[in-house]
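*Asks:* here's my sequence, what's the structure:
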Amino acid sequence: MNEKVKLALESILQRFESGDIPEAIAYSTFPVYDIPSARWSLLNRLLMFIAGTRDARGIKQWNQAGRHVKKGAKAFTILAPRIIKKVVGDNGNGEDKELEEGDQGETIKVLAGFLGIPVFRVEDTEGEPLVYETIKLPELPLMEVAQSWGVSVKGIPWDRLYYGFFRHDRNEIALATEEETVFFHELSHVAHQKVLDEKLRNGQDWKQEIVAELSAVVLCHLFGKTPSRHLGNSYRYISRYAGETGLTPVQGCYQVMKDVEAVLNLIFNHVGLEKGSLETAAKVG
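*Replies:* Sure, this is the predicted structure:
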């Protein structure tokens, strides 16, 4: 490895081992815009994410926003509760029973099941621009690497589910925050996929997540992006995924060290970076 990168990695692992970890902090986020999906249940927002979008609505809702669904677009389905009303009264034993029509009692609402509601992705619509499309990202270090790999990077509203993600099927990094460490994490996912020469596993695989987060904290260190400020968040993130397989955070890091080294080498040996961004990092790191 490049000596500068190697020293940074060793320094971080030493702090993990010593337990010299600062408190976790809250990342700044982009606004949660008032769109219908912001009020959806967690399950429905996950269904939306699986469908490959960050905004989905019914046809009428899109029309109200000045947009229309493209011809041939296919909907996906979310679930809405089916609520019915029942009239109940005391059965004589202190318990409620359903009354016959015309009887006097208390009207209550009861969940009777779920209805499938068809909705369409924003990518399958066209028309008036949406307010969140104006989100501008700062000039993040290593942005040129993502661009040279053909990966688009865009800002998105925060939906309380994630700070960022990389979709390999669309070759896209989406960021709900301008924190460099989140971008570095997603860029490391891209590099990891290139190192493996295969698509990453769907979902949050523990090895993939530790590789991305450890690589991100090293990149923060090298670029002088307040590594101590982010270290507590990274340690707890790695702890979560290492714990899934019964490992300590340090053990989890050593399990994936080969891939982390390969990811960092790929990023810093990328065309045009060795004499550019790496020298900049060496000055400020």
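
*Asks:* CA atoms for contacts and neighbours, from now on please.
*Replies:* OK.

*Asks:* low-confidence ranges, the stretch 51-200 of the chain, go.
*Replies:* 87-106 (pLDDT under 70).

*Asks:* which stretches of it form helices?
*Replies:* 59-64, 143-148, 180-196 (DSSP state H, counting those that start in this stretch).

*Asks:* out of the ones you listed, which is the most enclosed?
*Replies:* With neighbours taken as mean count of other Cα atoms under 10 Å, the helices of the stretch 51-200 of the chain reach their highest mean count in helix 180-196, at a mean of 23.

*Asks:* tell me the gap between it and the middle of its chain.
*Replies:* Remark: helix 180-196 is offset 13 Å from the chain centroid, using Cα atoms, centre = their mean, to the nearest Å.

*Asks:* who touches it?
*Replies:* Helix 180-196 is contacted from outside by 140-141, 146, 163-166, 168, 173, 175, 199-200, 208, 211-213, 215-217, 219-220, 225, 230, 259, 262-264, 266-267, using Cα atoms under 8 Å, 6 or more residues apart in numbering.

*Asks:* buried among the residues you listed? Make that a PyMOL selection.
*Replies:* For the buried members of the contacts of helix 180-196, the matching PyMOL selection, counting by 16 or more other Cα atoms under 10 Å, is:
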select buried, resi 141+146+163+164+165+166+168+173+175+200+208+211+212+213+215+216+217+219+220+225+230+259+262+263+264+266+267
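
*Asks:* which stretches in the stretch 101-250 of the chain count as strands?
*Replies:* 106-121, 125-127, 152-155, 164-167, 172-175 (DSSP state E, counting those that start in this stretch).

*Asks:* can you put those strands in a markdown table and add distance to Thr245?
*Replies:* Below are those laid out as a markdown table (distance: least, Cα to Cα, whole Å):
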| stretch | distance to Thr245 |
| --- | --- |
| strand 106-121 | 36 |
| strand 125-127 | 42 |
| strand 152-155 | 32 |
| strand 164-167 | 23 |
| strand 172-175 | 27 |
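
*Asks:* now Lys207. Nearest residue, chain neighbours left out?
*Replies:* Closest residue to Lys207 apart from its sequence neighbours, by Cα to Cα, 6 or more residues apart in numbering: Val256 at 6.6 Å.

*Asks:* which residues does the one you found contact?
*Replies:* Contacts of Val256 by Cα under 8 Å, 6+ apart are Lys207, Ile210, Val211.

*Asks:* and it, what's its pLDDT?
*Replies:* If you check Val256, the pLDDT there is 95.

*Asks:* for Thr248, see how far away it is.
*Replies:* The spacing between Val256 and Thr248, counted by Cα to Cα, to the nearest Å, is 13 Å.

*Asks:* same thing with Glu139?
*Replies:* Counting by Cα to Cα - Glu139 and Thr248 are separated by 35 Å.

*Asks:* follow-up on the earlier one: and the strands of the stretch 101-250 of the chain, which is most packed in?
*Replies:* The most buried stretch of the strands of the stretch 101-250 of the chain, if neighbours are counted by mean count of other Cα under 10 Å, is strand 172-175, with a mean of 22.

*Asks:* that strand packs against which elements?
*Replies:* When contacts are defined as 3 or more Cα pairs under 8 Å, 6 or more residues apart in numbering; DSSP states H and E, strand 172-175 sits against strand 152-155, strand 164-167, helix 180-196.

*Asks:* repeat the analysis, applying 6 Å as the threshold.
*Replies:* strand 152-155, strand 164-167 (3 or more Cα pairs under 6 Å, 6 or more residues apart in numbering; DSSP states H and E).
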